[in-house]
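*Asks:* Here's my sequence, what's the structure:
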Amino acid sequence: MEYPAGTVRALLQTDLVTPATRAALEARLAPQTDYAPQFFDADTYQLLRAVAARVFPQPERETPIELAPNVDKRLLEGRADGWRYDAMPPDREAYRLGLGGINQAAQAAFRQDFVELTTEQQDVIIGQLAAGEAPGENWQQVPQDKFFEEMLAELAESYYAHPLAQEEIGYVGMADVPGWTHIGLNELEPREPEEK
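*Replies:* Numbering: from 1, shown residues only. Below is the predicted model of the structure:
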């Protein structure tokens, strides 16, 4: 189900959303196109942006949802989700090695860095990585299947934490003021818009 455009912005202005949730989601609505990386160097940050753009292409958006800033901020702050595969190095090192490995794979296949490739060539590299078949010496230090899984999960979490992505999938759980009573199959709360 996809809600009509503007549903989330309208809902955020109601008393159905708590002030803390409203503040968090309104901050996410602000474009991050001018974000300056603080953990990654400029080239590595652009590489992460390019990878994110292929993993979550958004051709229909005038201004795509930026996913790389969330990764950069998390790594700068040293935050983690509390666990990691024992075969994986710590997150900061895993991203350094994994993104470097993506460039190694691009160089091996096309003799160019990932950001210089066409979207079709980038998709080949992402496909190799997803299949665990990307060449590169960095993959001896970080398992590419686990790195891809972790990166994909983080990018997906960042994407679907954005209010406009939530609108796309018909999610209005941000209306977090207590009072949900219509919980049966195909029952809608008055706060829930009709599917378009």
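*Asks:* tell me which element the most centrally placed residue in the chain falls in.
*Replies:* Nearest residue to the geometric centre of the chain (Cα atoms, centre = their mean): L155, 2.5 Å. Using DSSP states H and E, L155 maps to helix 144-160.
*Asks:* Follow the chain on from that helix and name the next helix or strand.
*Replies:* helix 163-168.
*Asks:* quick one: that following helix to chain centroid distance?
*Replies:* Averaging C-alpha coordinates over helix 163-168 and over its chain gives two centres that are 13 Å apart (Cα atoms, centre = their mean, to the nearest Å).
*Asks:* average pLDDT across it?
*Replies:* Mean pLDDT, computed over helix 163-168, is 88.
*Asks:* Tell me which other helices or strands it touches.
*Replies:* helix 7-12, helix 19-29 (3 or more Cβ pairs under 8 Å, 6 or more residues apart in numbering; DSSP states H and E). C-beta: built from backbone N, CA, C; applies to glycine.
*Asks:* I'd like the distance between Y35 and V115.
*Replies:* As defined by Cβ to Cβ, to the nearest Å, Y35 lies at a distance of 17 Å from V115.
*Asks:* which residues in this structure form strands?
*Replies:* Per DSSP state E, the chain carries no strands over any range.
*Asks:* remind me, longest helix of it?
*Replies:* Scanning the chain for the helix with the most residues, using DSSP state H, yields helix 91-110.
*Asks:* Kind regards, and thank you for your time.
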